[in-house]
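1. Okay, sequence plus prediction incoming.
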Amino acid sequence: MNKQSWKSWVLVLVALSVIIFLSPLNVWWLNWYRVLENQLLQISLDLVRIGLLTLTFAGLLAPFETLGWWAGWYGDRQQEPLLKENSTTYNYLSESPSQSKASKYIVYLDGIGISSFDYAFGVGPFLERLTAIIGSDFILIREIMPYSVLNLPLTLNRPLAAFWRWVDRSQIKGVGVFILLRNMFQVAVSVDSRYGPIFNRGTAQVIIDSLIKRGYQPGSGTPVTIIGYSGGGQVALGTIPYLKKVLAAPLEVISLAGVLSGNTEVVKLEHLYHLVGEQDLVARFVPCLFPQRWSLISWSNWNLARSRGEISFISLGEVAHDGVGGPLDDTSYLADGRSYLTQTLDIVTEILYRQDGIEPFPANVLTRPPKGRKLSNYERYLQAAFNQVSYYPTKQLTPAGYQPVGNWIGRLILPSLQERAEVNGVFLEVYYAPPAYAHLIGTTVVLAWSDRPDLQVYLNQVKCSIHFSAQAYESINQGLVNPIRLNFWREVDALESLVGARPYDDVIVTLEPTSVSCDHKTVIYIEREPVIITGRFYALVTIKGQAEDLDYFKVVHYNPHSQQFDGVEEVVYIPQVVADVNGVFPSTTNKIDQSPVNSSGWYIYGERNQDQIFTVRAIAPRALFQLQPQRIVSGLEEATNYIHNQYWQNIKEKKGQIESILLNPQSLPEADAIAQYQEGDRLLVLHTYGGIGGKKAEVPQIGLFFGHFAFGIATVVREPITQQLRFKITYDQVYTQNLDGIIAANLDWSNYLGDRQFGWLGSRPVVDIVVKLDVLEEYNFGGNIRFPLNALAYQLDKMMARYRTGDATGATFAGLANSCVQDSCQALYLAIKMILSEIKHNPEIQNWIATYPDDPQTKRLERLIALYKSIQSKLVPWQTVRSDWLDPFESLIGTRLAEQPVTTIINAVTSWRSLLPRLANDQLAKILLQHGASIWLLKTNQVGGWDEDIEPIAPTKLWI
């Protein structure tokens, strides 16, 4: 029997003895004890019983140090003696590698055999060899006592320090069990639901302090790897939620024979590597103690993390728990000649130095062969040449009569694994640039984020390492478009997740750089995510009819001088699009020249193909965006009633038509109601769409379709061709992975709706509610500027980035508690809360408000607070805010009912008014009306050509 087996049996016997001597069996024991005549045996049993009572008492006192720390009894007096008396710790603190050279940090938490920093068997050599391997690439922090919230060794500055020093030095066989038992009780405290949060928070504070002393910058996004040995594995997992909040950085744990309870927040990790030997009796026994690790409890955090591909189980072979035969034993050897310690170091090193795109120890493998995979709509669409990037020459001049869709236009390209570290961004193939940078057109440059500090904080919050879950692999088999190229990539940022969302580099964007560097390489820096568009150029035309060749049409351009469609006549290519998996064509040119909106003109988007023919890839009805409503509804009651009962009525009869309706709750004169909308205004958009019915319906015959919801921004711009004001709309689409390859991102109207192949204009009914409300406009408190819509964009950018990666799992799934509408409403709630919190805690702003209490801006702020309370009362009807709304790191965890049924149902009920897209949309619209908003409804009902096989379906509102 080796040392590890002996220790394991001792612990088991101790537990059985406690049961025997301290339970109702005690009566039987006393009767048996009285009949003993051997006094020596009685004394021995007395000593054993006293020892067990002492052990039990020690167990009951185990949380005492933790509670004392929480109560503030100890202060900071423990820190200096530790550094003075322990020279090893002092040396490691003072001789740390340069922060500029180290890109990552490693924190080591030892097993339950630790009493001081003179490490037990095998640990010292392990750390020394690991330090030599990592060199200056990592900073290794080892001066942590994981079983003390004071970071205090047992042998220093404690009432029983002398006893622990004696145990530490003693040569008596087995006396070291006292240290094991003492620290085992502290592991139990970490697991305990009452004291564990305090213990884990205290230990997290020790880790954070140690990181900061070694140059770590919280919020910098620098990754941290925690290596936990034995009980140190449990302590490491216990600290994760606290470390995540403070560090805001990628965290991973390497568990060496870890004793893991399963009730930790393991789902918040980037990844857990669990190294276990086949002879590790403790590792086999521990899962039996904790129901959270039973496969039957599928909704536990442990099993949720397993299903999400966040835990890799790595076998060490014929290795025991610790000591001789354990993973750190350098005297026992494998069949290949390596010692157990060398094998452990090899695995740890391979994890630390793993390359992007290559996971040496994957948690999940593809569950079904690719040949069984369904074809996505995205792949179907790419079969047509006009949907491929190569169909259009890279370098193109702006055609006569056309305008570029933006100042900077280009195609995003994902760097290769070899290029990634050097690029520190993504590539942009420049399609269009301002005159000063026209020489860049046709070249490939680097697109990177600005180094603005607050922007870097945002980027670090959404940065993650991607490991596809089993559900993600299954969704690929079902035809969903997942970021497969990013699987096993580490520290994926928002730009990489944007370009990597599809399997090919075909994302075309427009962007607004903050600066352009043209040193040894050209780098464009941005502060907001690019906007995905369709087409580089656009024109305003009316369609006269089909030309001689199939799919070619005669169009007449708008004449700015006559303000009529009597300009240049041109033949353009409007190809027949590819049908989706249900046989539905996203758009059609059938009778498009007879459309009710053709007379007022179409904005056509696209570029010239290889034959120099302008190919129309997207269309937009001009009349929809003009500041010329077809109808005005005046009065608050009438406007509210229109939202509640009328705006989705009779849509089947309105197929092929648009509607532009202005709700005027203040009953202003018509001219004044329209004149409120000024050039440069940025306005909130509430977007919903309905379903596809008819012969090729996508829903059951009962006709229920819940639809989709999103926020967006409408900007009032002066359109260059007509020189008239119009709405320019961009959506912030919180969108799960899907068959069509639609990306959760900032999508221009021309891409999300107008795209003839990928958009919804021709196949779905859509309503965009444009909201003008002064409390959502910019605030300027003596130079301190706050803009609620910017705060909303910030929150939505974070949510969209997380949706693109599935919070590092490769796929996001809509459910009762997490969906386009639930998470968009969460972003709105957090945005207004963030603005009000910043104002409340900014002394300069508070002084300004106190100085100007009657200023219109102060009054407007008071109305913003009132709006926030109204939204809160609707979105949070029982005044109980969902925990995942308060802690956004939890937002996408357990998005499916099968994963966390109870939590999911509770969250859904708690925010039930944001459960259905139309319900949430109508509730928000009515609240905004009541707070003085003017609302402009832009409605389209399967607009473009005529498809007799489909008809519009309004989104379901149920009984509300």
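-> Good, I have the coordinates.

2. Over to the residue sitting nearest the centre point of the chain. Which of the three states is it?
-> Among the residues of the chain, the smallest C-alpha distance to the mean C-alpha position (C-alpha atoms, centre = their mean) belongs to Arg802, namely 2.5 Å. Here Arg802 is helix, with the state taken from DSSP: H, G, I helix; E, B strand; the rest coil.

3. separation between it and Pro287?
-> Distance, Arg802 to Pro287, using C-beta to C-beta, to the nearest Å: 31 Å. (C-beta placed from N, C-alpha, C; glycine too.)

4. which regions of this protein sit below the pLDDT cut-off?
-> Per-residue confidence of the chain (counting by pLDDT under 70) places the weak regions at 1-61, 75-102, 171, 364-371, 699-704, 815-817, 876-915, 958-960.

5. mind running it again at 50?
-> Of all residues in the chain, those with pLDDT under 50 make up the ranges 1, 3-7, 77-101, 367-368, 891, 893-895, 897.

6. Assumed Trp302 was part of a strand.
-> No: the secondary structure assignment for Trp302 gives helix rather than a strand, going by three-state DSSP.

7. Just give the number of residues close to the nearest residue to it once chain neighbours are set aside.
-> Taking C-beta to C-beta, 6 or more residues apart in numbering as the measure, Trp302 lies nearest to Gly262, with 3.8 Å between them; neighbours along the chain are not counted. Using other C-beta atoms under 10 Å as the criterion, Gly262 is surrounded by 23 other residues.

8. Wait, Gly262 touches Asn301, no?
-> Yes: contact criterion C-beta atoms under 8 Å: Gly262 and Asn301 qualify, at 7.2 Å.

9. Residues that sit against both of these two, list them.
-> Between them, Gly262 and Asn301 share the neighbouring residues Gln292, with contact defined by C-beta atoms under 8 Å, 6 or more residues apart in numbering.

10. Secondary structure element holding the closest residue to Gly221 other than its chain neighbours?
-> Residue nearest to Gly221 in three dimensions, not counting chain neighbours: Asn460, with 3.2 Å by C-beta to C-beta, 6+ apart. Using DSSP states H and E, Asn460 falls within helix 453-462.

11. Dump the following helix or strand past that helix to PDB, keeping only the CA atoms.
-> Counting by DSSP H and E, the next helix or strand C-terminal to helix 453-462 is helix 470-477. Written as PDB, here are the backbone C-alpha positions of helix 470-477 (Å, rounded to 0.1, in the frame of the first residue of the first chain):
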ATOM      1  CA  ALA A 470     -21.400  19.700 -28.100                       C
ATOM      2  CA  GLN A 471     -24.500  21.800 -28.900                       C
ATOM      3  CA  ALA A 472     -22.500  24.100 -31.100                       C
ATOM      4  CA  TYR A 473     -21.300  21.100 -33.100                       C
ATOM      5  CA  GLU A 474     -24.800  19.800 -33.400                       C
ATOM      6  CA  SER A 475     -26.100  23.200 -34.600                       C
ATOM      7  CA  ILE A 476     -23.500  23.000 -37.400                       C
ATOM      8  CA  ASN A 477     -25.000  19.700 -38.400                       C
END
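
12. List the buried residues in helix 470-477.
-> For helix 470-477, the neighbour count (16 or more other C-beta atoms under 10 Å) marks Ala470, Gln471, Ala472, Tyr473, Glu474, Ser475, Ile476 as buried.

13. out of those residues, who's nearest Thr444?
-> Proximity of the buried residues of helix 470-477 to Thr444, judged by C-beta to C-beta, is greatest for Ile476, which lies at 29.1 Å.

14. Pull the contacting residues for the closest one.
-> Contacts of Ile476 were listed using C-beta under 8 Å, 6+ apart, and they are Arg373, Asn482, Ile484.

15. hey, where'd the strands end up in the stretch 201-350 of the chain?
-> For the stretch 201-350 of the chain, applying DSSP state E, counting those that start in this stretch gives strands covering 224-229, 251-256, 271-276, 311-315.

16. how about CSV for the ones you listed, with mean neighbour count added?
-> Rendered in CSV, the data for the strands of the stretch 201-350 of the chain read as follows (neighbours: other C-beta atoms under 10 Å):
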stretch, mean neighbour count
strand 224-229, 27
strand 251-256, 26
strand 271-276, 24
strand 311-315, 17
